[in-house]
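> 3D model of this:
(one chain, ligands or ions: 1)
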Amino acid sequence: MTCPSCNQSASSLLRHAFSLQGVSFIKSVQGHFTCQHCGTHLRVVRFGKQFWLFVIATVVALVLFLFLFSSLFLSVGPSTTVVIWLIVMLLAVFLFNFGMWKYGVVETVKKP
Ligand SMILES: [Zn+2]
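Model (predicted):
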């Protein structure tokens, strides 16, 4: 996402995924953050179409895994199935974060 104030990338993927980006936790959940370059208070207002492709891909992967779950369980055993499940979940969370970071549309939050 591009900062509307300074026209540079408003945040890096790592910063987006692993920090609150200069706002409180509650604000962060609501899509608020500050630009990494100019510190402008921004908010994610919507997502590009591509973001929904990420969401669909993630859901399809999870559904596929659920379908394969019982045969996986029988062939590789419970502990390996749990490991694979964790990897699938982490991938899903990563893809979701990546989609949000890449395709989020932000606007400047006006100070009251
Ligand atoms: Zn900026």
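
> pLDDT below threshold where in the protein?
Across the chain, the ranges flagged by pLDDT under 70 are 111-112.

> What residues does it have near the ion?
Within the chain, the positions near the ion by CB under 5 Å from the ion are 3, 5, 6, 35, 37, 38, 40. Just so you know, the C-beta spots here come from the backbone N, C-alpha and C atoms, and that holds for glycine as well.

> Top of those residues by number of neighbours, please.
Using other CB atoms under 10 Å as the neighbour test, those are led by residue 35, with 23 neighbours.

> doesn't residue 3 make contact with that residue?
Yes. Assessed by CB atoms under 8 Å, residue 35 is found in contact with residue 3 at 4.3 Å.

> tell me the SS of residue 106?
strand (DSSP: H, G, I helix; E, B strand; the rest coil).

> contacting residues for it?
The neighbourhood of residue 106, defined by CB atoms under 8 Å, 6 or more residues apart in numbering, consists of 1, 2, 3, 4, 10, 42, 43, 44, 45.

> 7 Å - rerun?
Applying CB atoms under 7 Å, 6 or more residues apart in numbering to residue 106 gives the contacts 1, 4, 10, 42, 43, 44, 45.

> Tell me if I am right that residue 20 is in a helix.
No. Using three-state DSSP, the secondary structure at residue 20 is coil, not a helix.

> With respect to residue 20, which of the residues of the chain next to the ion is nearest?
residue 35 (14.0 Å; CB to CB).

> Now the phi/psi pair for that closest one, please.
phi -70, psi 140 (degrees, to the nearest 10).

> With residue 12 instead?
phi -90, psi 160.

> If you tally nearby residues, what's the number for it?
Neighbours around residue 12, by other CB under 10 Å: 13.

> For it, which non-adjacent residue is spatially closest?
Take residue 12 and drop its neighbours on the chain: the residue closest to it by CB to CB, 6 or more residues apart in numbering is residue 36, 6.7 Å away.

> Which strand runs longest in the protein?
strand 41-47 (DSSP state E).

> That one: which residues count as buried?
Using 16 or more other CB atoms under 10 Å as the test for burial, strand 41-47 gives 41, 42, 43, 44, 47.
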